[in-house]
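Asks: here's a sequence, model it:
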Amino acid sequence: MLAPITRIRHRHVEVDGVRVFYRESLPDRSDAPVLLLLHGFPSGSHQFRSLIDVLGSHYRLIAPDYPGFGHTQAPDGFTYSFDELAGITEGFVRHIGLEQFVMYVFDFGAPIGFRIAERHPEWIAGLVVQNANAYEEGLSDAARGLIGLTPDTPGAQDVVHGLLTLDGTRSQYETGVTDPDLVAPDGWTLDQHFLDLPGRKEAQQALLFDYHSNVERYADWQAWLRRHTPPALIVWGTGDPFFTESGARSYLRDLPDAELHLLDTGHFALETHLPRIAPLIADFLDRAWK
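Replies: Alright, predicted model coming up:
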């Protein structure tokens, strides 16, 4: 017998002058648990397509593109910073009328999601954390080197632009993966399509130069976790070249009851381990949603 086939809606909504694109599953139940999917660099909501296909018939999964990513369209002069991206994402949540959700944070999704959580703890029914760092010990040497770059650092733009090439994008998908044949080329080629659009490389450069602002807020986010103790599921690819296994384990200091699963894969764990991760998320949503 075939599994239920997910219906998915694709829309744009206007938020403070930004035309935000998002994908949303249409589950069979009107009271289905809600999972807000916050993507990473250099990707977009498309990275969650397979997860939405697998879980979307039973849960309401919503995945927006940030300004500077995917199909979202930002006006000329938009300021690309993590504060601004969080503000637009917060406005998006208000616009579509979400009052509570489990939040899936991946990579850039952590600094965006935790900013939102600080402002609206009542929105957060739980956390799914996938290679989304909030601890200094979770930063690899490569990550520390990138975060230390400033516009005045000699050669900084060349380093950043090297990340934004097809080879650089592909390497983010394949580094740390034991079987690269499990990684479909569609992800990195679609990412590169978006990176090559006018103004997108400049947007990504601005965000990378702003990343230090996230590290400066780690202590605040850790305090938020201790104060609010949301239910949490942590799934982590241990071959991640940016965010190390130590970052995954560090969450247990502040959330000792969190569920931790370490996976032998890279940064984009869903690309290789969806059959392992999707059931964990489904079980977690059933337990966390009240």
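
Asks: buried residues, stretch 89-96. List them.
Replies: For stretch 89-96, burial by neighbour count (16 or more other CB atoms under 10 Å) applies to Thr89, Glu90, Gly91, Phe92, Val93, Ile96. Bear in mind the C-beta positions are built from the backbone N, C-alpha and C, glycine included.

Asks: what's the helix or strand for Leu270?
Replies: helix 269-288 (DSSP states H and E).

Asks: quick one: average pLDDT of that helix?
Replies: Predicted confidence along helix 269-288 averages 98 (mean pLDDT).

Asks: same for it, what does it pack against?
Replies: For helix 269-288, the elements it packs on are helix 49-55, strand 101-106, strand 124-130, strand 232-237, strand 259-263, judged by 3 or more CB pairs under 8 Å, 6 or more residues apart in numbering; DSSP states H and E.

Asks: helix/strand/coil for Arg19?
Replies: strand (DSSP: H, G, I helix; E, B strand; the rest coil).

Asks: isn't it right next to Pro67, touching?
Replies: No. Using CB atoms under 8 Å, Arg19 is not in contact with Pro67, being 9.3 Å away.

Asks: the two: who's more crowded?
Replies: Shown here are Arg19 and Pro67; by other CB atoms under 10 Å, Pro67 has more neighbours (25 against 15).

Asks: before we move on, what SS does that one have?
Replies: Classified using three-state DSSP, Pro67 is coil.

Asks: identify the residues contacting it.
Replies: Val18, Val20, Ala74, Phe78, Tyr80, Glu84, Leu85, Ile88, Ala203 (CB atoms under 8 Å, 6 or more residues apart in numbering).

Asks: disregarding residues adjacent in the polypeptide, which is nearest to the last one?
Replies: Put plainly, it is Ala203. For Ala203, ignoring the flanking residues on the chain, the nearest one in space by CB to CB, 6 or more residues apart in numbering is Gly68 at 3.5 Å.

Asks: got a list of what the one you found touches?
Replies: Applying CB under 8 Å, 6+ apart, one finds that Gly68 lies in contact with Ala74, Phe78, Tyr80, Leu85, Arg200, Ala203, Gln204, Leu207.

Asks: which other helices and strands does the helix or strand hosting the fourth one contact?
Replies: Going back to what we said before, that points to Leu85. Following DSSP H and E, one finds Leu85 within helix 82-95. Packed against helix 82-95 by the contact rule (3+ CB pairs under 8 Å, 6+ apart) you find strand 8-15, strand 18-25, helix 109-119, helix 200-210, helix 212-215.

Asks: 6 Å instead?
Replies: strand 8-15, helix 109-119 (3 or more CB pairs under 6 Å, 6 or more residues apart in numbering; DSSP states H and E).

Asks: give me the contact list for that helix.
Replies: Residues outside helix 82-95 that contact it (CB atoms under 6 Å, 6 or more residues apart in numbering): 13, 15-16, 18, 20, 64, 66-67, 111-112, 115-116, 210, 213-214.

Asks: which among those count as buried?
Replies: Buried members of the contacts of helix 82-95, scored by 16+ other CB under 10 Å, are 15-16, 18, 20, 64, 66-67, 111-112, 115-116, 210, 214.

Asks: how close does Tyr211 get to Val105?
Replies: 15 Å (CB to CB, to the nearest Å).

Asks: re earlier: and which of the contacts of Gly68 is nearest Gly168?
Replies: Using CB to CB, Gln204 is the member of those that lies nearest Gly168, at 10.9 Å.

Asks: quick one: contacts for the closest one?
Replies: Gln204 makes contacts with Leu164, as judged by CB under 6 Å, 6+ apart.

Asks: circling back to that earlier point, then the helix holding Leu270 to CSV, C-alphas only?
Replies: Taking Å, rounded to 0.1, in the frame of the first residue of the first chain, the C-alpha atoms of helix 269-288 are listed here in CSV:
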residue,chain,number,x,y,z
ALA,A,269,22.6,15.3,7.4
LEU,A,270,19.2,15.1,5.8
GLU,A,271,20.8,14.4,2.5
THR,A,272,22.1,11.0,3.6
HIS,A,273,20.2,10.1,6.8
LEU,A,274,16.6,11.1,6.1
PRO,A,275,15.3,7.5,6.8
ARG,A,276,16.9,7.7,10.2
ILE,A,277,16.0,11.3,11.1
ALA,A,278,12.4,11.5,9.9
PRO,A,279,11.1,8.8,12.3
LEU,A,280,13.0,10.5,15.2
ILE,A,281,11.3,13.8,14.3
ALA,A,282,7.8,12.2,14.0
ASP,A,283,8.2,10.6,17.4
PHE,A,284,9.5,13.8,18.9
LEU,A,285,6.6,15.9,17.5
ASP,A,286,4.1,13.4,18.9
ARG,A,287,5.7,13.7,22.4
ALA,A,288,6.4,17.4,22.4
